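Chemist: Have a look at this prediction, sequence included:
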Amino acid sequence: MRLVFALARLGVPEENLVIDHQIEVRSDRASARQPDLVVHSDASRAAIFEDGQLLRLGMPEPLLVVEVASSTKTDRQSRARDYEEKRVEYAERGILEYWIVDPDEALVRVGTLVNGAYQFRDFVGEAAIVSVQFPGLQLTVEKMLAVGA
């Protein structure tokens, strides 16, 4: 939620910050994915509301998708899906930025789409998270992952 609040402070409209939308993908493993957070562009928000909660192939892309990695202790399969499968699927969609928030590792991986693949930069501790899509973001990994603070 701290990320949502930080994006809202940057002026992202609250209706562009959603947790229950699906993104259609080309994959032999799934027809759609449901990220933990979708930050829509105005165009992708308008397109998805024409069709319910599914952003179909060919519709405008969101600005950012965020996945919270599952625990290595409880769900290795879902964790691998976040780190491997979704990375490829979202890149093929052309989504410009993909974040993996990893509470187990106290890490935020920010992937920026370059030539059809994500280039990741890892942020930990008191490092300020750097986003190409949201250059004014002022949020550290420590603050984002703080429990009960």
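Modeler: Structure's in. What do you need?
Chemist: Pick out the residue nearest the middle of the protein.
Modeler: By Cα atoms, centre = their mean, the chain has its centre lying nearest to residue 66, at 1.7 Å.
Chemist: For that one, give the beta-bridge partners.
Modeler: On the basis of DSSP bridges, residue 66 takes part in beta bridges with residue 37, residue 99.
Chemist: for the protein, what spans make up the helices?
Modeler: 2-9, 42-50, 76-80, 86-93, 141-145 (DSSP state H).
Chemist: Quick one, which of those helices gets closest to residue 35.
Modeler: With distances scored as Cβ to Cβ, the stretch of the helices of the chain nearest to residue 35 is helix 86-93 (7.9 Å). Just so you know, the C-beta spots here come from the backbone N, C-alpha and C atoms, and that holds for glycine as well.
Chemist: name the helices or strands packed onto that closest one?
Modeler: Judged by 3 or more Cβ pairs under 8 Å, 6 or more residues apart in numbering; DSSP states H and E, the packing partners of helix 86-93 are strand 32-33, strand 97-102, strand 107-114, strand 117-124.
Chemist: which one of the helices of the chain is the most hemmed in?
Modeler: Neighbour counts (mean count of other Cβ atoms under 10 Å) averaged over each of the helices of the chain peak at helix 86-93, with a mean of 20.
Chemist: which stretches of the protein aren't confidently modelled?
Modeler: Within the chain, the ranges that satisfy pLDDT under 70 run 72-75, 147-149.
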